[in-house]
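# Sequence first, then the predicted structure:
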Amino acid sequence: MKSIMITGVAGLIGSRIADWLLKNQPQYEIIGIDNLSGGYKENIPDKVIFYNLDVASEDLKKVFEKHDVVYVYHLAAYAAEGLSPFIRKYNYNNNLIATANVVNECVRFGVKRLIFTSSLAVYGYGNPPFSEIDQPKPIDPYGVAKYACEMDIQIAGEQHQLDWCIIRPHNVYGINQNIWDKYRNVLGIWMYQKLNNQPFTIFGDGKQMRAFSYIDDCLEGFWKAAVDGNASREIINLGGIKETSVLEAAEILKEVVGGSDIQFLEGRHEVKYAYPTHQKSVDVLSYVEKTELKIGLSKMWEWAKVQPVRNQFKWDSYELDQGIYQYWK
Ligand SMILES: NC(=O)c1ccc[n+]([C@@H]2O[C@H](COP(=O)([O-])OP(=O)(O)OC[C@H]3O[C@@H](n4cnc5c(N)ncnc54)[C@H](O)[C@@H]3O)[C@@H](O)[C@H]2O)c1
């Protein structure tokens, strides 16, 4: 049986792609790789053949030896963009060096296409709306790692004929998101705060503009990224098409969860206006925005309320303390 491998299968996007593929493309077996550093075993659908493995490990090769892997979704990463300057080495080891291992095995075993989740972080301050033809200029180590991975994958495409599609998702949210990590994904952080009787926290004035993406709306696009000829060797922004300020998003979530106070915190080093063009995702991946933010948040909140009580994840120590914000000390 032919297999599709998903690295990061215990996370939000990976677990939901796995679920979609099992339902819609049952002719494939789904191989899931995850070291459970940022995702949960409970997210992984039962039918996934799961390997608890670091993607940087030499053992990855053994998984390729055992299965006939035709497509690889490489999603495993630690996506805490704002924290990445304080865990620089970890960021590069986990997000860049580990990707080199995945690229090696994709080339060695002749996979038909590697689908890599980059990020809108590659654009840096840019000139919004960010277009795929813009010159990337990331402003933090997370964005640098993603951009380096993109370039490395393209080089493997040129030199080793590896077919690829690079997706740049942005502010994805929905069922199976990690809401217990204090460093990432604002909507999940707010849900955790509500569940723990804390105010919603906002860095700076809340006027940052983002386009939030409901995961369910992206799943078919992820499939096309693997199999559609027009997606071959293309870089594509994928996700929500409506810009919303962080403060507006907080107000919408307040309505969904039945109210909350908002606490404004010291601003941080981040891009203020980060939203992309979306025409290419419509043309190539048939992206359709079906779920408005309030509806998507309502569904995620219903799920969040019945999740196990877990402690919030906090790094014991950072690689660098210089310049770290008060709220992360
Ligand atoms: N969610 C977003 O808004 C968003 C936006 C842009 C890009 N992305 C990218 O999409 C991908 C998936 O994001 P997500 O939101 O599902 O994140 P997530 O944290 O929910 O999932 C990532 C998964 O990767 C696993 N992982 C991390 N490092 C690993 C390693 N070295 N070996 C094996 N497993 C490892 C984690 O345990 C986790 O289950 C990431 O590459 C992320 O950078 C996400």
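That came through fine. Numbers count the residues shown, from 1 in each chain.

# got the residues of the stretch 201-329 of the chain near the ligand?
Within the stretch 201-329 of the chain, no position is near the ligand by C-beta under 6 Å from any ligand atom. Bear in mind the C-beta positions are built from the backbone N, C-alpha and C, glycine included.

# Any idea what whatever residue of the stretch 201-329 of the chain ends up closest to the ligand is bridged to?
Proximity of the stretch 201-329 of the chain to the ligand (C-beta to the nearest ligand atom) peaks at Ser213, 6.9 Å away. For Ser213, the beta-bridge partners are Val172 (DSSP bridges).

# And the pLDDT at Ile97?
Here the pLDDT value assigned to Ile97 is 98.

# now Lys329
If you check Lys329, the pLDDT there is 89.

# Now do the residue lying closest to it once chain neighbours are set aside, the pLDDT please.
Excluding its sequence neighbours, the residue lying closest to Lys329 (C-beta to C-beta, 6 or more residues apart in numbering) is Asp321, at 7.9 Å. Confidence at Asp321, expressed as pLDDT, is 93.

# cool, and Tyr318?
pLDDT recorded at Tyr318 is 97.

# from memory the residue of the stretch 201-329 of the chain closest to the ligand sits against Leu238, does it?
Yes: using C-beta atoms under 8 Å, Ser213 is in contact with Leu238, at 7.4 Å.

# coming back round to it: measure the residue nearest to Lys329 to Gly157 for me?
Distance, Asp321 to Gly157, using C-beta to C-beta, to the nearest Å: 40 Å.

# repeat for Thr244
Counting by C-beta to C-beta - Thr244 and Gly157 are separated by 35 Å.

# When Asp321 and Gly157 are compared, which one has more neighbours?
Gly157 (18 against 10; other C-beta atoms under 10 Å).

# Let me see the contact set for the more buried one.
By C-beta atoms under 8 Å, 6 or more residues apart in numbering, Gly157 lies in contact with 163-164, 233.

# same check, this time on Met1
So Met1 contacts 27-29, 68 (C-beta under 8 Å, 6+ apart).

# switch the cut-off to 10 Å
Residues in contact with Met1 (C-beta atoms under 10 Å, 6 or more residues apart in numbering) are 27-29, 67-68.

# Tell me the buried residues in the biggest helix by length in the chain?
Criterion DSSP state H: the longest helix present in the chain is helix 141-160. Buried positions in helix 141-160, judged by neighbour count with 16 or more other C-beta atoms under 10 Å: 141-150, 153, 156-157.

# Next secondary structure after that helix?
Moving toward the C-terminus from helix 141-160, the next helix or strand (DSSP states H and E) is strand 164-169.

# starting at the chain centroid, how far to that next one?
Chain-centre distance of strand 164-169: 11 Å, with C-alpha atoms, centre = their mean, to the nearest Å.

# do stretch 312-324 as well
21 Å.

# residues of it that come out buried?
Using 16+ other C-beta under 10 Å as the test for burial, stretch 312-324 gives Tyr318.

# Can you pull out the residues in contact with it?
Applying C-beta under 10 Å, 6+ apart, the contact partners of stretch 312-324 are 37-38, 80, 83, 85-91, 178-184, 189, 192-193, 196, 198, 268-269, 328-329.
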